[in-house]
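[1] I'd like to go over a predicted model; first the sequence, then the structure.
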Amino acid sequence: MMQFLAKAGFAALLSAAALAGTVAPASAQVNIIIGEPDRRPPPPDWRRPPPPLPGYGRPPRGGCNPRMAENIAEDYGLRRTHVVDITPRRVVVQGWSRRGPDEMTFGNVRGCPLLRR
């Protein structure tokens, strides 16, 4: 009798394991849709902000921007500034100071360093 109960228990355990093995993959295929069924999932980087526009928020990568040279000359006290000459090495800005017409020369590299006043 004990052998019969052991064999029956082993058979029940084996059938339960086989049943559990077939139910698990089938339950993984269930899709629950809440909301609009036609809506696609968001792209993978939907939380990341968009990249900045080229040249936005930072000085230009090339040489000295003429408008930037004019702004720096105005900060030094020159009024009514305008760019007179641009060469590969320098940017010349003319304007008016307290003493009359004046000229400032900036290097034609990033950041517009002052060369001569």
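    In hand now; what should we look at?
[2] and the helices in the protein?
    For the chain, the helices defined by DSSP state H occupy 2-27, 66-75.
[3] winner for burial among the ones you listed?
    helix 66-75 (a mean of 17; mean count of other Cβ atoms under 10 Å). C-beta here means a position set from N, CA and C on the backbone, and glycine is covered the same way.
[4] quick one: that one to chain centroid distance?
    Counting by Cα atoms, centre = their mean, to the nearest Å, helix 66-75 is centred 29 Å from the centre of its parent chain.
[5] helices or strands up against it?
    If you count contacts as 3 or more Cβ pairs under 8 Å, 6 or more residues apart in numbering; DSSP states H and E, helix 66-75 packs onto strand 79-86, strand 90-97, strand 100-107.
[6] among those, which comes closest to Gln3?
    For these, proximity to Gln3 was assessed by Cβ to Cβ; strand 100-107 is nearest, at 99.6 Å.
[7] sheet partners, orientation included, of that closest one?
    Strand 100-107 has its sheet partners listed here by DSSP bridges as strand 90-97 (antiparallel), strand 114-116 (antiparallel).
[8] which one of those is the most hemmed in?
    Mean neighbours per residue, mean count of other Cβ under 10 Å, is largest over those for strand 90-97, with a mean of 18.
[9] closest one to Thr105 among the strands paired with strand 100-107?
    strand 114-116 (4.3 Å).
[10] which residue lies nearest the spatial centre of the protein?
    In the chain, the C-alpha nearest the mean C-alpha coordinate belongs to Pro51, at 3.4 Å (Cα atoms, centre = their mean).
[11] and it, what's its pLDDT?
    With respect to pLDDT, Pro51 scores 73.
[12] what distance do you get for it to Ile72?
    Applying Cβ to Cβ, to the nearest Å, the value for Pro51 to Ile72 is 29 Å.
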